[in-house]
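Have a look at this fold, sequence not included:
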Ligand SMILES: Nc1ncnc2c1ncn2[C@@H]1O[C@H](COP(=O)(O)OP(=O)(O)OP(=O)(O)O)[C@@H](O)[C@H]1O
Ligand SMILES: C=C(C)CCOP(=O)(O)O
């Protein structure tokens, strides 16, 4: 099994500045690229992950929940989780329209964090789905966290966990930028240490983003065993056929 893990950034598939607003055209284009790559036999196995955009981040920010600040309020937790399931349903239906056999995996019901923040997110369901020819579609979510109630689990952390558990060969993060940018807004071709990009790295442009934007992504990806690509929406197709668009992050 040599799966590819691709994250569709929430800021790509939603209008991040307007609560619970889909960017339908961007999601269609992403679903087209996935369907084309699968139809052409360019992909062995694919795991998709999507972020929160204006669905998860809006509710998480309103409830004051982040990756470290939890909430014991079940109504708040369900508001965040419910918004993410709504977005997940949009993603699934656009994939189904194009014949992609996508199945949802909701992290809230699958995993947990311990008191040190370590994530336990089993991937046996995704592995079996892959073996049966499905495309598992996971998403950023809230997750039960020892001592905190629930905290936010970012799609980026799911990407690294899935990639390690499933021994992914290729990992890609599609965002609104064509790669990790330097101080002159040029794409940095390769990052092997946080210091390579630290001077230019910031959070997200969206005020409500609770998971830390590009700086958090680079940190996550440097911890990964496999090289990962960060690229823009126009490069999803190129990534899926085996190219390395945007920035390649090689941590170890
Ligand atoms: N040096 C940098 N290079 C590129 N992007 C940067 C940089 N510093 C900060 N950013 C910001 O990081 C953002 C990408 O992070 P963000 O978390 O918003 O993306 P996403 O994964 O697509 O969305 P979501 O978190 O909703 O899934 C870019 O839109 C940009 O505003
Ligand atoms: C805000 C929530 C619930 C998910 C965040 O996932 P991300 O957009 O991948 O950081």
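Structure's in. What do you need? Note that the structure is a prediction, hence the values are computed from the model and not measured. Ligands and ions are numbered 1, 2, ... in the order given.

What parts of the stretch 51-200 of the chain come near ligand 1?
When proximity is defined as CB under 6 Å from any ligand atom, the stretch 51-200 of the chain approaches ligand 1 at 51-53, 57, 155, 175-177, 180-181, 200. All C-beta spots, glycine's among them, are computed from the backbone N, C-alpha and C.

one more time with 5 Å, if that's ok
When proximity is defined as CB under 5 Å from any ligand atom, the stretch 51-200 of the chain approaches ligand 1 at 51-53, 175-177, 180-181, 200.

so can I have JSON lines of these showing neighbour count?
Shown next, in JSON lines, are those (neighbours: other CB atoms under 10 Å):
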{"residue": "51", "neighbour count": "31"}
{"residue": "52", "neighbour count": "32"}
{"residue": "53", "neighbour count": "31"}
{"residue": "175", "neighbour count": "23"}
{"residue": "176", "neighbour count": "16"}
{"residue": "177", "neighbour count": "20"}
{"residue": "180", "neighbour count": "27"}
{"residue": "181", "neighbour count": "19"}
{"residue": "200", "neighbour count": "16"}
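
which of the residues you listed are close to ligand 2?
Counting by CB under 5 Å from any ligand atom, 51-52 from those sit close to ligand 2.

Strands - which of the residues of the stretch 51-200 of the chain next to ligand 1 land there?
residue 175 (DSSP state E).

and the residues of the stretch 51-200 of the chain next to ligand 1 as a markdown table, adding distance to residue 64 and pLDDT?
Conversion of those to a markdown table gives the following (distance: CB to CB, whole Å; pLDDT from 0 to 100):
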| residue | distance to residue 64 | pLDDT |
| --- | --- | --- |
| 51 | 19 | 97 |
| 52 | 15 | 96 |
| 53 | 19 | 94 |
| 175 | 25 | 95 |
| 176 | 25 | 94 |
| 177 | 28 | 96 |
| 180 | 29 | 95 |
| 181 | 30 | 94 |
| 200 | 29 | 83 |
